[in-house]
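*Asks:* show me the folded form of this:
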Amino acid sequence: QVQLVESGGGLVQAGGSLRLSCAVSGRTDSMYAMGWFRQAPGKEREFVAVIRWSGGSGRYANSVKGRFTISRDNDKNTAYLQMNTLKPEDTAVYYCAATSTGTRYVRAEYDYWGQGTQVTVSS
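*Replies:* Below you'll find the predicted structure:
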């Protein structure tokens with residue numbers, strides 16, 4: 001089992017920045033990749049970014065490419081999502097997730113989920 005706990009959400013003005021954290025505990029040896037997803041009111045949960053737990057470059061949704069950066073610190077068992085130049089359309093609940101099967105972009109392919117953290121971007 002893997003447990004994930006997000007933090008760092010909040011209210012920010014358009015153009016501002018936030019850094020989300022995802023604390024990981026449990027069987028991290030079973031994890032292959034960490035992903036971030038988001039869900040806005042009335043919309044489906046969508047992929048934002050993914051990174052292999054062992055390292056390497058992140059992969060991003062086109063809507064956040066160039067503005068968001070995913071990273072992880074294995075010593076701290078924590079994944080991060082640095083969000084810059086935030087826009088009102090980035091407003092959503094952000095979830096971190098873990099998968100044991102590869103670098104995945106689809107919600108259904110993730111095994112473990114955090115409880116989510118709210119990000120609100122005002123115009």
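
*Asks:* make it CA atoms for all contacts and neighbour counts henceforth
*Replies:* Noted.

*Asks:* any idea how far the nearest residue to Leu86 once chain neighbours are set aside is from Gln82?
*Replies:* Leaving aside its chain neighbours, Leu86 sits nearest to Gly15 (4.9 Å; criterion: CA to CA, 6 or more residues apart in numbering). When distance is defined by CA to CA, to the nearest Å, Gly15 is 13 Å away from Gln82.

*Asks:* what about the most centrally placed residue in the chain, which helix or strand?
*Replies:* Central residue check for the chain by CA atoms, centre = their mean: the C-alpha nearest the mean position is that of Trp36, 2.3 Å away. Mapping Trp36 onto the secondary structure by DSSP states H and E places it in strand 33-39.

*Asks:* buried sites along whatever helix or strand comes next after that strand?
*Replies:* Stepping forward along the backbone from strand 33-39, the first helix or strand reached (DSSP H and E) is strand 46-52. Within strand 46-52, the residues that qualify as buried by neighbour count (16 or more other CA atoms under 10 Å) are 46-52.

*Asks:* just stretch 88-104 next, same as before
*Replies:* Within stretch 88-104, the residues that qualify as buried by neighbour count (16+ other CA under 10 Å) are 90-100, 102-104.
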